[in-house]
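# Have a look at this prediction, sequence included:
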Number of protein chains: 2
Amino acid sequence: MATEVKTTIEEVRSQIRSELADYLAGQRTYLTSIASELVPVCDALDEFLLDGGKRLRPLFAYAGLIASGASPTREIIRAISSLELLQACALIHDDLMDRSDTRRGKPAIHRHFENLHQSQAMNGLATQFGEAAAVLLGDLALVWSDQMLNTSSISTESLLAAHLIHDEMRVELMAGQYLDVREAGEKSYSAERSLRIARYKSGKYTIERPLHIGAVIGKPAGNSELLNALSRYGLPLGEAFQLRDDLLGIFGDPSVTGKPAGDDLREGKRTVLIAMTLEALGEVEKSELLAHLGKSNLSPAKIEELRTIITNSGAVEKVEKLIEKLTQESLSAIEDPAIHPSSREFLTYIALSAVKRSA
Amino acid sequence: MATEVKTTIEEVRSQIRSELADYLAGQRTYLTSIASELVPVCDALDEFLLDGGKRLRPLFAYAGLIASGASPTREIIRAISSLELLQACALIHDDLMDRSDTRRGKPAIHRHFENLHQSQAMNGLATQFGEAAAVLLGDLALVWSDQMLNTSSISTESLLAAHLIHDEMRVELMAGQYLDVREAGEKSYSAERSLRIARYKSGKYTIERPLHIGAVIGKPAGNSELLNALSRYGLPLGEAFQLRDDLLGIFGDPSVTGKPAGDDLREGKRTVLIAMTLEALGEVEKSELLAHLGKSNLSPAKIEELRTIITNSGAVEKVEKLIEKLTQESLSAIEDPAIHPSSREFLTYIALSAVKRSA
């Protein structure tokens, strides 16, 4: 059964990629007819969208679709693939705001355009050009995501139902992003506030809302029980997903995650894991941890030391237990009669991959 | 007649403001229910959207609507008011990219949040927080513009027709913005390239596309002759509008424009006016102008000198003549039979205000 689901996921991923490639090719034709100077914009977004990515949001939308009992059509796959463009906007703007140099091992978009400015010996400041390009490419990806959804040729009823959720999702995403940025400005860490951010950024944006979008595309009316069941499945799963991310951000294997070891420590990220650690530590170890969080030049030895402090605080075990509890909560919602039986294997499989992953 | 049109414009402006205020109040209730930390986001966007602005894009959409022979309803006014939120995104991101400190005499959004960070003695870098907030508030305004349109309760037929144009318009806007940012990196000025940017940023985004959006909301089908006539009216008008902007950016009265005298000279803006000046000047004066363009510390005396160089080059007269020619071209399209006669006074009036303005 798991093998079948795995094959389906690989097929859906390949369909998503192909719909994105098709949409982007059409946009390239249009934009380069305006001006050849737009070629680097198309190249950069092609590379960003077609070279990788887990396709998490379209896959959860796919899950919501089959949970409604509907079957995927090419039009529907195209509609849900648009979520990748929204995510591209979020990541491009995120990297700019965080001053992250790389994304999936390649230069982040602002760095890429900064390099372009330098290699072409353009007029003005390269960093300013890179930042402006990242603002605009993110905006363009956001606008494209809408256009790809609107022109997907799904039924009008499905489209209108999807819009309502899609619009709310994007407002929640931006609100969650702002709270996240603001959290970095807080003087203290708080597990409660970090959990709330996880709820908006991961619970709702990554999982619950994509599920809902797929569900209402499949069943545009009379779907409230289905949506409620999917929330009961998706919200705890989203939080568990984020908590796994917290653990990987500190204990993940760089060769698997693609990020440097202990990345979240260097970044001083306000995760639930760190907040729980700080709440559990005595004054001495707390000061030691706080003194090093957010220092970009942490040595491997120091990272190992901080990891030990975090593990010994009991926070890792606490977070693992919380993940386990949330996962069980999520899995039990799959049995809800509003969820189409044929989708249950799929829902179970992707839930477990989201929380048991190592990257 | 002009008095009647003027009264209508004032009424429409006040309806636009009231729909925006209503929409924003609903969003405030929602966002502050997520977290009280979102209050400053709501406050800043309220102020940005409700304290001023010419409402140019909704007014051109209104013009397109009555050109179709349809009458405005509250739902339609709400739908076209959403264009102000899109424009808020464009301005907030523009100010960030240009490093502009003020907007309409108040701190630009990134400066406003930088100040907030400082006054609350938050953790981290104030400038980085200000920039991140501007990225996210712009994104939020963009997403809101969609939601305000989608939830305006106009007919489904009108909404779907509006989406097609709205999506294209936003792609053109982002493409035009990128070309504009890129132009600043060019080693040479070019009237041709600057005109192309004016076509996308002003001709299409500010005038033609809003006209089309209003027109298809009023007449969702069988509208191709109407749209063509509105393009013949709107495109030259948009270019003339941008050329007037070029002149005001250098010769405008600060007490009327709200911008410092000679602002475009200090910014080194790549306008059609400057490109035409450079094309007309001899080597000595050309070097003199180029040596001072983009210097933020230009003295009033130097600005006056540069103005004289620009005027004596003949470029001002050339641009005025071009504005006149484009305006005549635009006005003659108003007589097209596809344009509803009852709208002609309005179209004439707003065309003349767009090109004869002093702010």
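The structure has been received and is ready for your questions.
# what's the spacing between stretch A:232-242 and its chain's center?
Centre-to-centre, stretch A:232-242 and its host chain are 13 Å apart (Cα atoms, centre = their mean, to the nearest Å).
# residues making contact with it?
A:60, A:195, A:198-199, A:201-204, A:206-208, A:211, A:272, A:322-323, A:326-327, A:329-331, A:333-334, A:336, A:339, A:347, A:351, A:354-355 (Cβ atoms under 8 Å, 6 or more residues apart in numbering or on different chains). For every residue, glycine as well, the C-beta is placed using N, CA and C.
# Using PDB, list the CA coordinates for that stretch.
Extracted C-alpha coordinates of stretch A:232-242, given in PDB (Å, rounded to 0.1, in the frame of the first residue of the first chain):
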ATOM      1  CA  ARG A 232      -8.800  18.200  12.700                       C
ATOM      2  CA  TYR A 233      -6.300  16.300  10.600                       C
ATOM      3  CA  GLY A 234      -4.300  19.200   9.300                       C
ATOM      4  CA  LEU A 235      -3.800  21.600  12.200                       C
ATOM      5  CA  PRO A 236      -2.100  19.300  14.600                       C
ATOM      6  CA  LEU A 237      -0.200  17.800  11.700                       C
ATOM      7  CA  GLY A 238       1.100  21.300  10.700                       C
ATOM      8  CA  GLU A 239       2.300  22.000  14.300                       C
ATOM      9  CA  ALA A 240       4.000  18.600  14.400                       C
ATOM     10  CA  PHE A 241       5.600  19.300  11.100                       C
ATOM     11  CA  GLN A 242       6.900  22.600  12.400                       C
END
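# Now do the contacts for the spatially most central residue of chain A.
Centroid check for chain A by Cα atoms, centre = their mean gives residue A:206 as the closest residue, at 5.5 Å. Residues in contact with residue A:206 (Cβ under 8 Å, 6+ apart) are A:56, A:57, A:60, A:238, A:241.
# rerun at 6 Å
residue A:238 (Cβ atoms under 6 Å, 6 or more residues apart in numbering or on different chains).
# What separation do you get for residue A:49 and residue A:30?
Residue A:49 is 16 Å from residue A:30, where distance means Cβ to Cβ, to the nearest Å.
# which of the two has more neighbours?
residue A:49 (22 against 15; other Cβ atoms under 10 Å in any protein chain shown).
# from memory the more buried one sits against residue A:18, does it?
No: at 11.8 Å, residue A:49 does not count as touching residue A:18 under the criterion of Cβ atoms under 6 Å.
# For chain A, give me the ranges with low pLDDT.
Residues of chain A that meet the criterion pLDDT under 70 lie in A:1.
# which residues of it fall in strands?
A:102-103, A:106-107 (DSSP state E).
# Go through these and name the closest to residue B:278.
strand A:106-107 (34.9 Å; Cβ to Cβ).
# Give the partner strands of that closest one in its sheet and their orientations.
Partners of strand A:106-107 in the sheet, by DSSP bridges, are strand A:102-103 (antiparallel).
# Contact residues of chain A facing chain B?
A:31, A:34-35, A:37-38, A:41, A:93, A:97, A:122-124, A:129, A:132, A:135-136, A:139-140, A:143, A:146-147, A:150, A:163, A:167, A:170-171, A:174-175, A:177-179, A:181-182, A:184-185, A:187 (Cβ under 6 Å from any Cβ of the partner chain).
# which parts of the lengthiest helix in chain A are buried?
Among the segments of chain A that qualify as a helix by DSSP state H, the longest is helix A:2-34. Using 16 or more other Cβ atoms under 10 Å in any protein chain shown as the test for burial, helix A:2-34 gives A:5, A:8-9, A:12-13, A:15-17, A:19-20, A:23-24, A:27-28, A:31, A:34.
# same thing with stretch A:146-165?
For stretch A:146-165, by 16+ other Cβ under 10 Å, it's A:146-152, A:154, A:158-159, A:161-163, A:165.
# Going by proximity to chain B, name the top residue of the stretch 1-150 of chain A.
Nearest residue of the stretch 1-150 of chain A to chain B: residue A:122, at 3.5 Å (Cβ to the nearest Cβ).
# Phi first, then psi, for that residue.
Phi and psi for residue A:122, reported as degrees, to the nearest 10, are phi -70, psi 170.
# pretty sure it is touching residue B:185, no?
Yes: with contacts counted by Cβ under 6 Å, residue A:122 reaches residue B:185, the gap being 3.5 Å.
# Compare those two and say which is more crowded by neighbours.
Higher neighbour count among residue A:122 and residue B:185: residue B:185, with 20 against 16, using other Cβ under 10 Å.
# Contacts only, for the more buried one.
When contacts are counted by Cβ under 6 Å, 6+ apart, residue B:185 touches A:122, A:123, A:124, A:129.
# One more pass at 8 Å, please.
A:117, A:120, A:122, A:123, A:124, A:129.
# which among those residues end up buried?
A:117, A:122, A:123, A:129.
# what's the closest of the residues you listed to residue B:89?
Of all the buried ones among the contacts of residue B:185, the one sitting nearest residue B:89 is residue A:129; the distance, using Cβ to Cβ, is 20.2 Å.
# quick one: contacts for the closest residue to the closest one other than its chain neighbours?
Residue nearest to residue A:129 in three dimensions, not counting chain neighbours: residue A:117, with 4.3 Å by Cβ to Cβ, 6 or more residues apart in numbering or on different chains. Going by Cβ under 8 Å, 6+ apart, residue A:117 touches A:124, A:126, A:129, A:130, B:185.
# do that again at 10 Å, thanks
Contact analysis of residue A:117 by Cβ atoms under 10 Å, 6 or more residues apart in numbering or on different chains lists A:123, A:124, A:125, A:126, A:127, A:128, A:129, A:130, A:132, A:133, B:182, B:185.
# Pull up the gap between the last one and residue A:107, please.
For residue B:185, the distance to residue A:107 under the criterion Cβ to Cβ works out to 18 Å.
# try the first one
Residue A:123 sits at a distance of 21 Å from residue A:107 (criterion: Cβ to Cβ).
# likewise the fourth one?
Taken as Cβ to Cβ, the spacing of residue A:126 relative to residue A:107 amounts to 13 Å.
# what do these two both touch?
A:113, A:114, A:115, A:116.
# For stretch A:245-259, give the distance from the opening residue to the closing one.
Using Cα to Cα, to the nearest Å, the span of stretch A:245-259 from its first residue to its last is 12 Å.
# can you check stretch A:284-302 too?
16 Å.
# same thing with stretch A:43-57?
End-to-end distance (Cα to Cα), stretch A:43-57: 23 Å.
# Tell me the buried residues in it?
Those would be A:44, A:45, A:46, A:48, A:49, A:53, A:55, A:56, A:57, for stretch A:43-57 by 16+ other Cβ under 10 Å.
# how about these in TSV, adding distance to residue A:220?
Converted to TSV, the buried residues of stretch A:43-57 look like this (distance: Cβ to Cβ, whole Å):
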residue	distance to residue A:220
A:44	36
A:45	31
A:46	33
A:48	32
A:49	28
A:53	28
A:55	24
A:56	24
A:57	20
